[in-house]
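Have a look; sequence and predicted model below, questions after that.
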Amino acid sequence: MSDSLNWLPELVLLSDHKGDSEAYLEAVYAYFKADLVDNPVYFQGTKIALKKHPQFRDKEFVFWHVTSEGDIEDERIPDFRRCERIRWIRPNYRESRCERFCNQSLEEST
């Protein structure tokens, strides 16, 4: 991992789960749940709401949305590059810095 990204957790790799995609997705979900569901994330003092329904395979809607790709929700397929970075979501909110538009309304910033 690049030195400029050393503040981010290690990638969660499929190879660390012996190529077993089901076990891997369960491990990815465990990180997602611990980082975002069980411990809510805040951005600039506001709690980030997670879309939980409709659930798919007993997991929150947003989990499948951030770990898979495709235009039709019911037909999305896992994206292992996204899965690898599941632990990066929380730190990105924590480390976000307000730059250009923080104190402007949507109309003012467009």
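Nice, I can see it. Only a predicted model underlies this, so the values are computations on that prediction, with no experimental measurement involved.

Okay, buried residues for the host helix or strand of Val66 please.
Per DSSP states H and E: Val66 is located in helix 61-67. Neighbour counts over helix 61-67 (16 or more other C-beta atoms under 10 Å) mark 62-64, 66-67 as buried. Quick note: C-beta positions are derived from backbone N, CA and C, even for glycine.

now do stretch 82-98
Here stretch 82-98 shows 83-90 as buried, counting by 16+ other C-beta under 10 Å.

Please flag which of these sit within helices.
83-84, 89-90 (DSSP state H).

Let me have those residues in TSV, extended by distance to Glu26.
Compiled in TSV, those are given as follows (distance: C-beta to C-beta, whole Å):
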residue	distance to Glu26
Cys83	11
Glu84	15
Ile89	18
Arg90	19
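
Please report how far the closest residue in space to Trp88 that isn't next to it in sequence lies from Leu25.
In this structure, Trp88 finds its nearest non-sequential neighbour in Leu8, 5.2 Å apart by C-beta to C-beta, 6 or more residues apart in numbering. Noted for Leu8: a distance of 21 Å to Leu25, by C-beta to C-beta, to the nearest Å.
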